[in-house]
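Chemist: Structure for the following, please:
(one chain, ligands or ions: 2)
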Amino acid sequence: MMNGRQYEQSLRELKLEVYMFGRKIDNVVDDPIIRPSMNAVAATYELAQRLELADLMTAVSHLSGKRINRFCHIHQSRDDLVQKSKMGRMLGGHTGCCFQRCVGMDALNALSIVTYDIDAKYHTSYNERFLKFLAHVQENDLTCDGAMTDPKGDRSLSPHQQPDPDLYLHAVEEKPDGLVVSGAKAHQTGAVNSHEIIVMPTIALREEDRDYAVSFAVPSDTQGITYIIGRQSCDTRKLEAGSVDVGNRLFGGHEALVIFDRVFVPWERVFMCREVEFAGFLVEKFASYHRQSYACKVGVGDVLIGAAQTIAEYNGTAKASHVKDKIIEMNHLNETLYCGCIACASEGHKEPSGTYCVDPLLANVHKQNVTRFPYEIARLAQDIAGGLMVTLPSDADLRSPEVGKWIEKYCRGAEGIPVEDRMRILRLIENLSLGTAAVGYLTESMHGAGSPQAQRIMISRLVDLKGKQRKARRLCGITSDHGSGKA
Ligand code: SF4
Ligand code: FE
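Modeler: Numbers count the residues shown, from 1 in each chain. Ligands and ions are numbered 1, 2, ... in the order given. Model prediction:
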């Protein structure tokens, strides 16, 4: 297993084509806007070195028998699934942001199931290819980007109907030694901190869309791949001197638009090629795992609740009964989220491939809660923080020889609390609820791993409504099932 430093070094060896603010970034690792996101992924390496976290952060590979980072592991039991949820909460609390590495773990697990099932139907050799790739990932302790979301263009049109065929990533040419693909993947979490990009289709597909039913893995610096970093609210604060105004001075996340311009994929790296009926299945498996992964938001919620309690104390309002009650409400919501990610793991099952998968209904319910509760937790944190969170002068004003004394005098809260500390905690709440980390804590909670409607469709599909009707009818003495099935 690599440690944080070795991981950082491994990224320096990549030759990525990265653009931000219209310019090519030559030194990605040290770029002040990207670096906090690299630090967050590095934490997944660094914490795996700690003996007391070994159960959480590491597992024994079912391929090699060696101890590996849990992010490279294929779940072999329900306990593995539960540990994954606990690891997500712990890391969310440690970093206070999106630590990015889960998408790759979820893609690996989904492919371990789906490649096996495709082979069972078509006698192909995708699973063997996949296991070879997995061994490479485990042996080298790699970070993978699980790339699912296509740009999608006109949402009312299927992939092959789009005026521009590249709006969904697809095979454009078949060669004796591999496949050539074009298209893009949007919103790619942690893309430039990844060694490998694992591509999957984004929706269930029909026969006319068969060129879009492709899944494969390529090294992140493969020729033809370009990354364009997405903006985040308040991102340029990272370019300023001083550490107060960024809120989270250690960690962050990033997303990128990843362009594939005639990228060549050797056959041994192709895990699905035109088996259309398995595209939707792969999407569902990945989505179930990734909806469980939103255990991370519980950890970030822990940070925000801790920040809210701290500012209440700094403001001198912590003893007010309504403030106490708001903190209880925040904890209630956050622990309810935790219930969901633990429950879907505890109710996991073994797939034919041997991989353990979460309960899909409970994973979808969990993620549906995640689309809502963090917003309410953030609202309550802002309520407790007060308006100063958004009108506070800058770090530079605090240090100014001219006006610093006025900040010291008028931004003071409870007796004995340094003004700088009050500013720091306010900026952290701002960061989590409005700034760069709000991308991860709020909008990603809404749309990451599928927007709310995607979970509602899955809930309606997975729930046993007829069974519930039977229970109701039996109790009140209805013996016939007339009308049943009519909406
Ligand atoms: Fe992992 Fe959460 Fe970030 Fe998704 S949002 S990659 S689950 S930390
Ligand atoms: Fe995500």
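Chemist: residue ranges of the strands in the protein, please?
Modeler: Counting by DSSP state E, one finds strands in the chain at the ranges 18-20, 23-25, 58-60, 67-69, 144-147, 170-175, 178-189, 196-199, 214-219, 225-229, 255-266, 270-273, 349-350, 356-357.
Chemist: Most tightly packed of these?
Modeler: strand 144-147 (a mean of 28; mean count of other C-beta atoms under 10 Å). All C-beta atoms are positioned from the backbone trio N, CA, C, and that covers glycine.
Chemist: Please name the nearest non-neighbouring residue to whatever residue of the stretch 251-400 of the chain ends up closest to ligand 2.
Modeler: Closest approach between the stretch 251-400 of the chain and ligand 2, counting by C-beta to the ion: residue 290, at 6.6 Å. Sequence neighbours aside, residue 449 is the residue nearest to residue 290 in space, at 4.0 Å (criterion: C-beta to C-beta, 6 or more residues apart in numbering).
Chemist: got a list of what that neighbour touches?
Modeler: Taking C-beta atoms under 8 Å, 6 or more residues apart in numbering as the definition of contact, the neighbours of residue 449 are 287, 290-291, 293-294, 367.
Chemist: rewinding a little: the residue of the stretch 251-400 of the chain closest to ligand 2 contacts residue 146, correct?
Modeler: Yes - the pair residue 290 / residue 146 is scored as a contact, 7.4 Å apart, by C-beta atoms under 8 Å.
Chemist: what sits in contact with each of those two?
Modeler: Taking C-beta under 8 Å, 6+ apart as the criterion, residue 290 and residue 146 both touch 103, 106.
Chemist: does any part of the longest helix along the chain sit near ligand 1?
Modeler: Scanning the chain for the longest helix, with DSSP state H as the assignment, gives helix 321-346. No - with C-beta under 6 Å from any ligand atom as the measure, helix 321-346 is seen stopping short of ligand 1, the closest distance being 10.0 Å.
Chemist: what's the spacing between residue 179 and ligand 2?
Modeler: Residue 179 sits 27 Å away from ligand 2 when distances are taken as C-beta to the ion, to the nearest Å.
Chemist: is that residue in a bridge, and if so with what?
Modeler: In this entry, residue 179 is beta-bridged to residue 174, residue 265, by DSSP bridges.
Chemist: Surely it and residue 171 touch.
Modeler: Yes - between residue 179 and residue 171 there is a contact at 5.2 Å, judged by C-beta under 8 Å.
Chemist: Give me the common contacts of these two.
Modeler: Counting by C-beta under 8 Å, 6+ apart, the residues touching both residue 179 and residue 171 are 214, 273.
Chemist: How much space separates the nearest residue to residue 100 once chain neighbours are set aside from residue 196?
Modeler: In space, not counting the residues next to it along the chain, residue 100 is nearest to residue 190; the distance is 2.7 Å by C-beta to C-beta, 6+ apart. For residue 190, the distance to residue 196 equals 12 Å [C-beta to C-beta, to the nearest Å].
Chemist: Next, show the common contact partners of these two.
Modeler: When contacts are counted by C-beta under 8 Å, 6+ apart, residue 190 and residue 196 are jointly contacted by 143, 145.
Chemist: check contacts around the closest residue to residue 222 other than its chain neighbours.
Modeler: By the measure of C-beta to C-beta, 6+ apart, the closest residue to residue 222 outside its immediate chain neighbours is residue 263, 5.8 Å from it. The neighbours of residue 263, taking C-beta under 8 Å, 6+ apart as the test, are 180-182, 218, 222-225.
Chemist: Check what pLDDT residue 263 gets.
Modeler: We have a pLDDT of 98 for residue 263.
Chemist: what do you get for the one 3 residues further on?
Modeler: Among the per-residue scores, residue 266 holds a pLDDT of 98.
Chemist: residues in contact with it?
Modeler: With contact set as C-beta under 8 Å, 6+ apart, residue 266 has these partners: 177-178.
Chemist: The lowest-mean-pLDDT helix or strand in the chain - contacts with which helices or strands?
Modeler: In the chain, the helix or strand scored least confidently by mean pLDDT, DSSP states H and E is helix 436-438, which has a mean of 92. In terms of contacts (3 or more C-beta pairs under 8 Å, 6 or more residues apart in numbering; DSSP states H and E), helix 436-438 is packed against helix 419-433.
Chemist: Could I have the CA atoms of the helix it packs on written out in PDB?
Modeler: Below are the C-alpha coordinates for helix 419-433, written out as PDB (Å, rounded to 0.1, in the frame of the first residue of the first chain):
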ATOM      1  CA  VAL A 419     -11.800  37.100  17.100                       C
ATOM      2  CA  GLU A 420      -9.700  35.100  14.600                       C
ATOM      3  CA  ASP A 421     -11.100  31.800  15.900                       C
ATOM      4  CA  ARG A 422     -14.600  33.100  15.600                       C
ATOM      5  CA  MET A 423     -13.800  34.100  12.000                       C
ATOM      6  CA  ARG A 424     -12.300  30.700  11.300                       C
ATOM      7  CA  ILE A 425     -15.400  28.700  12.400                       C
ATOM      8  CA  LEU A 426     -17.700  31.100  10.500                       C
ATOM      9  CA  ARG A 427     -15.700  30.600   7.400                       C
ATOM     10  CA  LEU A 428     -15.800  26.900   7.800                       C
ATOM     11  CA  ILE A 429     -19.600  27.000   8.000                       C
ATOM     12  CA  GLU A 430     -19.700  29.300   5.000                       C
ATOM     13  CA  ASN A 431     -17.300  26.900   3.100                       C
ATOM     14  CA  LEU A 432     -19.600  23.900   3.800                       C
ATOM     15  CA  SER A 433     -22.900  25.500   3.100                       C
END
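Chemist: Does that helix reach ligand 1?
Modeler: No - using C-beta under 6 Å from any ligand atom, no contact is recorded between helix 419-433 and ligand 1, whose separation bottoms out at 13.5 Å.
Chemist: buried residues in that helix?
Modeler: 419, 422-433 (16 or more other C-beta atoms under 10 Å).
Chemist: Mind giving me the packing neighbours of that helix?
Modeler: Using 3+ C-beta pairs under 8 Å, 6+ apart as the contact test, the elements touching helix 419-433 are helix 296-315, helix 373-385, helix 388-391, helix 395-399, helix 436-438.
Chemist: follow-up on the earlier one: could the contacts of residue 449 go into TSV alongside pLDDT and neighbour count?
Modeler: Listed next are these as TSV, based on pLDDT from 0 to 100; neighbours: other C-beta atoms under 10 Å:
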residue	pLDDT	neighbour count
287	97	22
290	98	24
291	98	29
293	98	26
294	98	26
367	98	31
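Chemist: Spatially nearest residue to residue 133, not counting backbone neighbours?
Modeler: Of all residues beyond its chain neighbours, the one nearest residue 133 is residue 217 (5.5 Å), with distances taken as C-beta to C-beta, 6+ apart.
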